[in-house]
Every structure is written in C-alpha cells, then in structure tokens.
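**Student:** based on what follows, work out the 3D shape:
(one chain, ligands or ions: 2)
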Amino acid sequence: MKLSFWRFFLLFLTIAVTGANVIGSVVWYVLFRAYGADVLVPLTITANLVAIPILAFLAYVIQELRRSNDDLSGTKENLDVHVEHLERLRETERKQRTELKRTLSELSLARDISESANRAKSEFLANMSHELRTPLNAINGFSEIMCKQMFGPLGDARYIEYAHDINESGSHLLGLINDILDLSKIEAGMFELKEEAVDVAKVVNACRRIIRERAKEAGLTLATRFKGGLPRLRSDKRAVKQIVLNLLSNAVKFTPAGGKVTLQVEIDEDGCFSLTVSDTGIGIDADDISKVFTPFSQVDSSLSRKHDGTGLGLPLTNSLVELHGGTIELESELDYGTIVTVRFPAERVLDDPAKTGGDGVKASAAR
Ligand SMILES: Nc1ncnc2c1ncn2[C@@H]1O[C@H](COP(=O)(O)OP(=O)(O)OP(=O)(O)O)[C@@H](O)[C@H]1O
Ligand SMILES: [Mg+2]
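**Tutor:** Residues are numbered from 1 along each chain as shown. Ligands and ions are numbered 1, 2, ... in the order given. As a prediction, the model looks like this:
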C-alpha cells in the first residue's frame, strides 16, 4: 500500500502522542514522588487546559487533510476518465487514418484506371480520325475538281449540284474530324502549340471574311473593333484562328435575323490580350451555362436545335485557350444575347513597336 502524506502524518502523530504520554507519565511520576499531590493537581489542570486547544487544532488539521485527500482522489478519478476518453479518441483517429489511407489508395487506383482508359480512348480517336481523313481528302479534292469541271464539262447540271453537295458534306465531316482529333490530342497531352508572333488583327480579318457571307445570309450586322494599336501575340496562329472562328460562328448561328454580332480586340487594363465576341441572340439559360464547355453537350432550345453542330466548338475553344494559359468567360441572358471573352496572359503580349491592327476604332458591317 502506498503511504500517502496524511497517512504518514497520522502515523507520526500517533507515535508522537504515544511518546509524549509515556514521557509525561514518567515526568508526572517523578514529580509526584518529589513534590506530592499538592503541586501536581494544578500542574495537571494547566497541562490539560493547554492540551485541549492543541488537540482541537490537530483534529481540525486532520479533517482538512482528509478533505483535501478526498478532493485529490476525485480529481484523480476525473483524470482517469479523461485519459480513457483520450485513448478512445486516439484509437478512433487511428482507425480513421487507416480508413483514409485505404480510400486514398482506392481513389488513386481508380484515377489510374480512368486515366489509362481516357488515354486509350484518345489514342483510338486519334487513329480513327487519321484513317478517316485520308479518304476524305480524296473525296473533297475530286469533288472540287468535278465542281469546277477542270477536265471538261460534266454534262447534266445535276452532276455539278451533286458534286457540290459531296464537297460541302466532305468539308463539314473533315472539320468535325479535325475538331475531334484536336480535342483528343489535347486530352492526351499530345497537342503542341506552334508558337510565333501572330498579328491577331490579320487573323480576325481573315475570320471576318469567312463569316461575313453567313452573317449576311442570316440578316445580321457583323462588326469588328480594334481598340488602339495592337501588339503581336505569342501564340499558335491556327489555334487563334479556330478560337475566333468558333466564337463568331456560334454568335452568327444563335442570333436571329436583325441582330448584331460584334468582335472587339484590345489590350485590357491588366495588359492581357482580350477578344470579346458579343451577340444579341437567343442567349443561354443560367442553369445551362456550365454545360456548354462539356464536349458534345448542346443546350436544348428550339432555335439551337434548328442549327446543326456537334457541341465541340466551345470545349475545343476552351482547351485551346487553356493551352495558351488564358481564360474564357461566358456571360449570357436568355433572349438578350451572349458575351464570350477570351483573355491571353500579358506575358504573351509581345513588346513590339510595330503595332498592328490599325489605330483607333475600325468597324465593318456585313450589311
Ligand atoms: N452565342 C451563343 N448564343 C447562344 N447559345 C450558344 C452560343 N454559343 C454557344 N451556345 C450554346 O452552347 C452549345 C455548345 O456550343 P458549341 O459551339 O460547343 O457547339 P455547337 O455550336 O452546337 O456545335 P459545333 O460548334 O461543334 O458546330 C450550343 O449548342 C448552344 O446551345
Ligand atoms: Mg459552335
């Protein structure tokens, strides 16, 4: 048994009292023999009067010691409960950590599987697209020769019409295959930008020429604005052209007759090269905006259903912009129109004294 402080104290007290009694008895006997009872009676009374408060004080001290000992035992019990609780917590935490580790390793395995499946899909698409492009080039090339009747007249006018249809369909299919090929290359991390100093104004003008006819046929006003003299942009020219064409063709496609499509090119306040295509078209519902950057997803509205398309334009545009380290932002309101802003980072803006794209504002209209 452990000897606590107050037990030790009690033991000491008992020994001391016993010792004092023994010594007192001896002294009392010696004094009794020497002086007799007359001296001893008052002495004994005085000794008792002194002893009573001392004993009361000792009783109080003992009681206090007991109480503090009880308190200590209570605290110890509380501590034991806390320690037990902490140990249980530590055990739970250990279990959770093990569980987390297992979930992480399962997730990492699932990610590896999905990445390898994705790579396989991209490789398959890339191979398929390559295989399809070769015969398509022949179809497009020969149908063009027939359209132009390069080796002599075709005879019946319907042959020319059919050859024209073949050529248009072939070109459409080729465009689609090229989009799929580009997207799968980007997904597989195999798309390499061919960077050069690109005169964006020239690229925009070339795109405008391509889109102008479509805008005219659709009864739209097409305007391009170059704000200030534009420096050149370190970028992939083909990718920039594709970005501009995709955005302009969407704007023209989804804007009803009488509407307006505007393309604005400028260096914004952060020094980024910014391209903004805005239209007064059908717009996109707020709930659907997040869908439009997912491949093959098209927003199901009556007017967008009227137009053909595969839903690859915006995802491809987004990926091409991301490859350049840029951002794309789409704001839209149903029945009011859409604004798409592409920003290339300021580091890509070349500090070129030969500014291009004209100065001030240059605008053109398709009708
Ligand atoms: N300017 C716009 N106005 C209204 N809706 C738009 C606009 N641009 C895109 N969208 C919506 O986003 C969808 C996805 O656009 P995306 O360019 O990816 O595909 P698409 O134009 O339908 O087909 P593709 O570009 O492959 O020919 C469109 O189907 C359309 O519903
Ligand atoms: Mg499109």
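
**Student:** for the stretch 151-300 of the chain, which residues are neighbours of ligand 1?
**Tutor:** 246, 250-251, 254, 279, 281-284, 292, 298-299 (C-beta under 6 Å from any ligand atom). From N, CA and C alone the C-beta is placed, and that goes for glycine too.

**Student:** name the nearest residue to the closest residue to ligand 2 within the chain, ignoring sequence neighbours.
**Tutor:** Ligand 2 sits closest to residue 313 of the chain, with a gap of 2.7 Å, by C-beta to the ion. Of all residues not flanking residue 313 in the chain, residue 246 sits nearest, at 4.2 Å (C-beta to C-beta, 6 or more residues apart in numbering).

**Student:** that neighbour: neighbour count?
**Tutor:** 22 (other C-beta atoms under 10 Å).

**Student:** shouldn't it be in contact with residue 310?
**Tutor:** No - using C-beta atoms under 8 Å, residue 246 is not in contact with residue 310; the gap is 11.8 Å.

**Student:** picking that back up, please read off the pLDDT at the residue nearest to residue 313 from the model.
**Tutor:** According to the prediction, residue 246 has pLDDT 95.

**Student:** residues contacting it?
**Tutor:** Neighbouring residues of residue 246 by C-beta atoms under 8 Å, 6 or more residues apart in numbering: 313-314, 316-317.

**Student:** can you check residue 320 too?
**Tutor:** So residue 320 contacts 182, 186, 236, 239, 242-243 (C-beta under 8 Å, 6+ apart).

**Student:** at 6 Å what do you get?
**Tutor:** 239, 243 (C-beta atoms under 6 Å, 6 or more residues apart in numbering).

**Student:** any idea which helix or strand carries it?
**Tutor:** helix 313-323 (DSSP states H and E).

**Student:** now check that helix, is it near ligand 1?
**Tutor:** Yes - for helix 313-323, a contact with ligand 1 is found by C-beta under 6 Å from any ligand atom, at 313-315.

**Student:** what's in contact with the helix or strand that that helix is followed by?
**Tutor:** Per DSSP H and E, the first helix or strand lying C-terminal to helix 313-323 is strand 327-333. Contacting residues not belonging to strand 327-333 are listed as 283-284, 318, 321, 338-343 [C-beta under 6 Å, 6+ apart].

**Student:** quick one: strands adjacent to strand 327-333?
**Tutor:** strand 337-344 (antiparallel) (DSSP bridges).
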